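Visitor: Quick one: sequence plus predicted model below, questions after.
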Amino acid sequence: MPTEPGNTGRPSRRSLRDYIVALIAQLGEGEPQALDRLRAAIGHRRALIVLDSEAVVVSFTGAELVVGQVAVPPPGEDGPGNLGIADGIGTADTAVVLDLLDGRQELADAVAEGRISAAGSSEAIDMILHAIEILLDAATRVPALRALSAEFRASRPVSGSGRPNPPSVLSDETEEELLARLGLLPGR
Amino acid sequence: MTASDALRPSSDGDLPAALAKDWQHLNVFDHATGVTGIVNASLHGRPGDLRAFAAGAALFHSPELGWVGDARVTPMEDAVTGVHSIASDWLGFAVSPGTGAVAASVRLPGAIMLNLEANSVSKPVEVDVQVPFGSGWISWYIIPRLTVRGSLRLGSTSGERNLDTASAYHDHNWGRWAWGEDIGWEWAVCVAGDDGSVFELSRATNRSHRSGVTSLIVLLDGRRRIYRGAALTVTRTGRLGPPERRVPGALAALHADRRTPVLPRHIRITLDDGLDHAVIDISATTAAQLIIAEPTRPGASFIHELAGTFRCSGQFGRRRVETSGLAMFEHAD
């Protein structure tokens, strides 16, 4: 995994577009039937996904995924006025994504606090949530999807969300010493 | 001390090997501070199956900080496994074949930093038969009480705690089953802080908890007693609030419908076999939910850890018992 120059161990940060492309590709490889369900859930609709300072519009043209980078809507203008380019809009930031991945906040609470927002018709909001559900479910059986989640976590600097900072990955050197001391390392 | 326990990997001739589960578990009870915790390392699936994973869970509850910790999975091929050990990049669990000592370490900066070694002070209990469980079976090996040496740091601001006066409980479960099928269990361990007694309750059951035979292991004055079936009654009263921590976070988001399970605030275990009799009252104060997904097909099980205290009053032979301490009750469905 490529790392950022001058950054010890932290993987390069993929763009939001590249993450979504990778997620869909790995879903198709790992569970093709789940990708079929995802396409069916999205149908002909378009979703505008905003994460931090990046925004993409996601749709399917036939079987082909289309992900286009767009400008982030100005604050207060992510409502129905933007539905010219999308049927539904989902907005979040890295801090809340990490809090959800680390179990520090429930999804419902994040929505209630406005840390995650969704706008559009009820069908469009259902589409976005259903797509996320399909990806989360498939990740339990597709290691490559879990790897993308781990890469996302590792590529983000620890950020202040008002909650305890998420843990970072350290080397397992001390654990290896522990196993070695007990004579439990393979080959010893 | 028998050195017969080891991880139980599946073999080529093992047809349901994809459903293999191998599960090492440790409870830690720090009587001085009221801190209780679990460390768990497990293998799910058949080696060579890309879906197979190693899971690690470390959750500690302190009266000041609440629950801290996490549960994470690693592809099985990326975990370091030996005959008696499982390790990932943040959690290590090993059992020494020579002494039966259990070693555990956790590296979650800002949450849990743990190094401990636990040594048995009681004989193990081994159930090396395939007890029916869901579509498969389960077996287990228990060491009811261990002494502990080590250190623990919780959160990012608290100091390091010495665990040398803490107690531990260890078990190893293995078998063939699918998470999310019609399985469940009820389990508790109560560890007294003063007299070294341990009370361990278990019942393998279905998701609705309407089947199975309850057993109770009592460790008292170094002697082990086992009770089963009609000698035991377990009643639940009250309702505990929703789990204060649900991990891993991605599965908690997927299963938002399981955010508010019905969990008891009080569990009473009544023992009367005509010779010995006792009442063990567990009072739960808080719960955490561990969600574990099946790697071979859709489905997940939910393991609820209820931390609290217990009191026991009873008569075992000529021994009158009045004791209390820390407890962990588990409801899985």
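Guide: Great, that's in hand. Just so you know, these numbers come straight off a predicted model, no measurement behind them. Residues are numbered from 1 along each chain as shown, chains lettered A, B, ... in the order given.

Visitor: Report the residue spans of the stretch 1-150 of chain B with pLDDT below the cut-off.
Guide: Along the stretch 1-150 of chain B, segments meeting pLDDT under 70 span B:1-4, B:9-15.

Visitor: if you set the cut-off to 80 instead, what comes out?
Guide: Along the stretch 1-150 of chain B, segments meeting pLDDT under 80 span B:1-16, B:97-99, B:128.

Visitor: Report the secondary structure element holding the residue of it at minimum distance from chain A.
Guide: When scored by C-beta to the nearest C-beta, the stretch 1-150 of chain B has residue B:92 as its residue closest to chain A, at 3.7 Å. All C-beta atoms are positioned from the backbone trio N, CA, C, and that covers glycine. Using DSSP states H and E, residue B:92 sits in strand B:91-95.

Visitor: Which helix or strand lies directly C-terminal to that strand?
Guide: Per DSSP H and E, the first helix or strand lying C-terminal to strand B:91-95 is strand B:102-108.

Visitor: Now do that following strand against strand B:91-95: the angle between them, please.
Guide: With axes from the mean of the first three to the mean of the last three C-alpha atoms, to 10 degrees applied, the angle from strand B:102-108 to strand B:91-95 works out at 180 degrees.

Visitor: Neighbouring strands - and their directions - for strand B:102-108?
Guide: Sheet pairing of strand B:102-108 (DSSP bridges) gives strand B:91-95 (antiparallel), strand B:112-120 (antiparallel).

Visitor: mind listing what's buried in stretch A:32-46?
Guide: A:34-35, A:37-39, A:41-42, A:45-46 (16 or more other C-beta atoms under 10 Å in any protein chain shown).

Visitor: Checking residue A:97 next. Helix, strand or coil?
Guide: Taken by DSSP: H, G, I helix; E, B strand; the rest coil, the conformation at residue A:97 corresponds to helix.

Visitor: so what's it up against?
Guide: Contacts for residue A:97 (C-beta atoms under 8 Å, 6 or more residues apart in numbering or on different chains) come out as A:51, A:152.

Visitor: swap in residue B:208?
Guide: The neighbours of residue B:208, taking C-beta under 8 Å, 6+ apart as the test, are B:184, B:333.

Visitor: Over to the one 4 residues further on?
Guide: The contact partners of residue B:212, taken as C-beta under 8 Å, 6+ apart, are B:185-186, B:203-206.

Visitor: Excluding sequence neighbours, find me the nearest residue to residue A:100.
Guide: Once flanking residues are discounted, residue A:100 sits nearest to residue B:249: 5.0 Å by C-beta to C-beta, 6 or more residues apart in numbering or on different chains.

Visitor: what's the spacing between that neighbour and residue A:105?
Guide: Separation of residue B:249 from residue A:105 (C-beta to C-beta, to the nearest Å): 8 Å.

Visitor: The two: which is more packed in?
Guide: Taking neighbours as other C-beta atoms under 10 Å in any protein chain shown, residue B:249 and residue A:105 compare with residue B:249 leading, 26 against 22.

Visitor: quick one: contacts for the more buried one?
Guide: Residue B:249 makes contacts with A:99-105, as judged by C-beta under 8 Å, 6+ apart.

Visitor: Need the phi and psi values for it.
Guide: Main-chain dihedrals, residue B:249, degrees, to the nearest 10: phi -60, psi -40.

Visitor: do residue A:108 as well
Guide: According to degrees, to the nearest 10, residue A:108 has phi -60, psi -40.
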